[in-house]
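[1] mind folding the following:
(2 chains)
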Amino acid sequence: MRPLMLQGHERSITQIKFNREGDLLFSCSKDQKPNVWYSLNGERLGTYDGHQGAVWCLDVDWTTSKLISGAGDMTTKIWDVEHGTVIASIPAKSSVRTCNFSYSGNQAAYSTDKAMGQNCELFIIDVRTADSSIAEQNPILRIPMLPSKITSMLWGPLDETIITGHDNGQISIWDIRKGGREINSVNDHTAGINDMQMNKDGTMFVTASKDTSAKLFDSESLMCLKTYKTERPVNSASISPIMDHVVLGGGQDAMEVTTTSTKAGKFDSRFFHLIYEEEFARLKGHFGPINSLAFHPDGKSYASGGEDGFVRVQTFDSTYFENIFE
Amino acid sequence: MPGVDTIKSSWADEVELDYGGLPPTTETVENGYKYVTEYKYNKDDKKTKVVRTYKISKQVVPKTVAKRRTWPKFGDSKNDKPGPNSQTTMVSEEIFMQFLNSKEEEKANDPLLDPTKNIAKCRICNGEHWSVNCPYKGTAMDTNLMEKKAAAAATAVVEAPKTGKYVPPYLKDSQKGGMGMRGRDDTAAIRISNLSESMTEADLDELVKKIGQHSKMYLARDKNTGLCKGFAYVHFKQRKDAAAAIEILNGHGYDHLILNVEWSKPQNN
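    I've put the predicted structure just below:
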């Protein structure tokens, strides 16, 4: 395969996401402009200019009309996807680490960092009326996160729950219909959760953790179903929508990269079988750790964004589909 | 007014024009491929011709997706032409997925265990088979080697000296009773190479002790890791011992590796 290299960012990529149909790929990085690309040919559609700090997270809604992004400039911004203009800018008290639209697109959730004397907090806002008044409205719900800050967040099935992954490896599930009551929490991971991604039908999600493993959880009971072990911190993991495959990306901590050779870095994407927990393939490409991974919704390609600032879109060869796991 | 144009420009002017400007960009579409030929100046002010080949493919997509394809570009891409901008979008070099089908196959990739390549070399007769299967096994040729091997293995457990720490030359064991640093005699020195990483001075001492007395030995170690770099020098007291060592140890199996022993070559400086 000949991957597409998308070079629209000046600093390391923090998150990438496809929209629902997979024709657009959104990327954000520690520079201040989220980008949007046509996933088919890698053409850049535009940039979303307005943030004044590292953009940590983004999400696009169901209809690809609104984009939400959270940044180190202590704002969450809602954008018009088509024109690249800001619909609303919601101030926070510390930098915004995670943000997600609910599946229906009626609500959005974002979480702030535990920094500058502020505690980590989870906010749920109503985004049905898409105008600047969102900034003045009170959030529907505020859930303080006392023990450890949120590093990753997902909406649960039917937009009834929120699943949070924490800095200390804890994963919690919150019922937002009942005022943000914690339903359950597990401590299967021993170090911070870097990323969580749902499978296609939302019944399971895969976590990527600093403790060098990725785990598969049931999204209702938080039961740990599978563990994918590696020997390096895992920064992101994604489940294939059509095959029983998981792709893991990671590498050394960014601070150690300069002190070791590129060969030792182990910056390849690693493919594991979802059920047998066994690695079956690797793919090289990045020359820095992979920070974010996303499968195309049709499962025939996937994208990875790295600390090196590149987004790479890899389309699988026929050998990938012919390779039957024994 | 094509007529006026042709009268105005003589052939000489046309040649001038050709050298002055750049030919316009052309686009040709041929059986499903689009060829875009562009001319530009490169860094050295030389004209270059850039031919880009696009494959035109049709896709049936949902209405919303088709509509999104027509969206005008915005932000930093506002002034980009339709189609990928070569500054932001590149096609990287061909890469292949590495499949690791199962644990067995992963091991099979190890050259040592690759059945297609016969890398076995007999320690006893140098034939293309493992020593275990050697027809000369148990004969006089073998026992000689076996004794040495056993002795060497026995001392392998001896604690290795602490490495990486500076030891003054006069305190080094191997220097005691030897000649001074300068003007050393290289005539009875041998070089042993293809040693394994785990080799220590004690192992080396054990290996050469039986052959004859040595005045000095040096095991090359990696500066950072303190592991053996794979070669060592041994200075024997007598040249005949050194010759014997080469005779015996060259081709000798040690720590799963076949040693290579030769005369130490004098330094060039």
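[2] and the residue of the stretch 51-200 of chain A found nearest chain B, what is it in contact with?
    Nearest residue of the stretch 51-200 of chain A to chain B (CB to the nearest CB) works out as residue A:84 at 3.9 Å. Glycine gets a C-beta too; all of them are placed from N, C-alpha and C. Shown in contact with residue A:84 (CB atoms under 8 Å, 6 or more residues apart in numbering or on different chains): A:36, A:46, A:47, A:48, A:49, B:74, B:75.
[3] low-confidence ranges, the stretch 151-269 of chain B, go.
    B:151-165, B:171-185, B:267-269 (pLDDT under 70).
[4] so the closest residue to residue A:35 other than its chain neighbours, which of the three states?
    Closest residue to residue A:35 apart from its sequence neighbours, by CB to CB, 6 or more residues apart in numbering or on different chains: residue A:8 at 4.2 Å. The local conformation at residue A:8, judged by DSSP: H, G, I helix; E, B strand; the rest coil, is coil.
[5] correct me, but residue A:8 touches residue A:27?
    Yes. Using CB atoms under 8 Å, residue A:8 is in contact with residue A:27, at 7.0 Å.
[6] overlap in contacts of those two?
    Listed as contacting both residue A:8 and residue A:27 by CB under 8 Å, 6+ apart are A:35, A:37, A:311.
[7] which of the residues you listed fall within strands?
    A:35, A:37, A:311 (DSSP state E).
[8] where exactly do the helices run in the stretch 101-250 of chain B?
    With DSSP state H, counting those that start in this stretch, the ranges of helices along the stretch 101-250 of chain B come out as B:103-108, B:140-155, B:201-209, B:239-249.
[9] quick check: mean pLDDT across the shortest one?
    Within the predicted structure, the mean pLDDT of helix B:103-108 is 47.
[10] identify the bridge partners of residue A:290.
    Note on residue A:290: beta-bridge partners residue A:306, judged by DSSP bridges.
[11] touching chain B at all, stretch A:49-61?
    Yes. Stretch A:49-61 is in contact with chain B by CB under 8 Å from any CB of the partner chain, via residue A:49.
[12] please compute how far that stretch lies from its chain's middle.
    When C-alpha coordinates are averaged (CA atoms, centre = their mean, to the nearest Å), stretch A:49-61 and its chain have centres 12 Å apart.
[13] endpoints of that stretch, how far apart?
    One end of stretch A:49-61 sits 19 Å from the other (CA to CA, to the nearest Å).
[14] buried sites along it?
    The neighbour-count check on stretch A:49-61 (16 or more other CB atoms under 10 Å in any protein chain shown) flags A:50, A:51, A:53, A:54, A:55, A:56, A:57, A:58, A:59, A:60, A:61 as buried.
[15] and stretch B:64-79, by the same measure?
    By neighbour count on 16+ other CB under 10 Å, the buried set for stretch B:64-79 is B:65, B:68, B:71, B:73, B:74, B:75, B:76, B:77.
[16] state the pair within the residues you listed that is farthest apart.
    Distances among the buried residues of stretch B:64-79 were taken as CB to CB; the most separated pair is B:65 and B:76, at 23.2 Å.
[17] what does chain B have sitting close to chain A?
    B:59, B:61-62, B:64-65, B:68-69, B:71, B:73-78, B:80, B:83-85, B:87-102.
[18] what about those, which are in strands?
    Here DSSP E is the test, and the residues of chain B next to chain A give B:89, B:90, B:91, B:98, B:99 as lying in strands.
[19] what sits closest to the last one if chain neighbours are left out?
    It stands for residue B:99. residue A:281 (4.9 Å).
[20] let's verify that neighbour: helix, strand, or coil?
    Judged by three-state DSSP, the three-state class of residue A:281 is strand.
[21] burial check on the residue nearest to residue B:220 when sequence neighbours are not counted, number of neighbours?
    Distances taken as CB to CB, 6+ apart place residue B:229 nearest to residue B:220, at 4.1 Å, with adjacent residues excluded. Residues near residue B:229, counting by other CB atoms under 10 Å in any protein chain shown, number 15.
[22] separation between residue B:229 and residue B:250?
    If you measure residue B:229 against residue B:250 using CB to CB, to the nearest Å, the figure is 19 Å.
[23] what of residue B:121?
    Distance of residue B:121 to residue B:250, computed by CB to CB: 13 Å.
[24] circling back to that earlier point, could you list which of the buried residues of stretch A:49-61 belong to strands?
    Assigned to strands by DSSP E, the following of the buried residues of stretch A:49-61 qualify: A:55, A:56, A:57, A:58, A:59, A:60.
[25] out of those residues, which is nearest to residue A:14?
    Relative to residue A:14, the closest of those is residue A:56; by CB to CB it sits at 5.3 Å.
[26] that closest one contacts residue A:28, correct?
    Yes. Between residue A:56 and residue A:28 there is a contact under CB under 8 Å: 7.5 Å.
[27] what do those two both touch?
    With CB under 8 Å, 6+ apart as the test, residue A:56 and residue A:28 both reach A:14, A:15.
[28] in the stretch 1-150 of chain A, what residue lies closest to chain B?
    residue A:47 (3.2 Å).
[29] phi, psi for that residue please.
    Dihedral pair for residue A:47: phi -130, psi 150, per degrees, to the nearest 10.
[30] and the residue of chain B nearest chain A?
    Closest to chain A within chain B is residue B:75: 3.2 Å, counting by CB to the nearest CB.
[31] so residue B:228 bridges to which residues?
    residue B:221.
[32] for it, which residues are in contact?
    Contacts for residue B:228 (CB under 8 Å, 6+ apart) come out as B:195, B:196, B:197, B:198, B:199, B:200, B:219, B:220, B:221, B:222.
[33] quick check: the last one touching residue B:230?
    Right, residue B:222. No. Taking contacts as CB under 8 Å, residue B:222 lies outside contact range of residue B:230: 9.5 Å.
[34] of these two, who's got more company?
    residue B:230 (17 against 13).
[35] quick one: residue A:287 from residue B:72, how far?
    Remark: distance between residue A:287 and residue B:72 (CB to CB) = 34 Å.
[36] between the ones in strands among the residues of chain B next to chain A, which has the most around it?
    Using other CB under 10 Å as the neighbour criterion, residue B:89 leads these with 22 neighbours.
[37] any idea which element the nearest residue to that residue once chain neighbours are set aside lies in?
    With sequence-adjacent residues excluded and distances taken as CB to CB, 6+ apart, residue B:89 is closest to residue A:42, at 3.9 Å. Using DSSP states H and E, residue A:42 falls within no helix or strand.
[38] for residue A:42, give me the pLDDT.
    For residue A:42, the pLDDT comes out at 89.
[39] next one: it from residue B:210, what distance?
    In this view, residue A:42 and residue B:210 are 68 Å apart by CB to CB.
[40] look at those two and report which has more neighbours.
    Shown here are residue A:42 and residue B:210; by other CB under 10 Å, residue A:42 has more neighbours (24 against 13).
[41] what sits against the more buried one?
    Listed by CB under 8 Å, 6+ apart, the contact set of residue A:42 reads A:4, A:5, A:6, A:313, B:84, B:89, B:90, B:91.
[42] so can I have a markdown table of those residues showing pLDDT?
    Putting these into a markdown table (pLDDT from 0 to 100) gives the following:
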| residue | pLDDT |
| --- | --- |
| A:4 | 90 |
| A:5 | 92 |
| A:6 | 92 |
| A:313 | 93 |
| B:84 | 80 |
| B:89 | 87 |
| B:90 | 86 |
| B:91 | 86 |
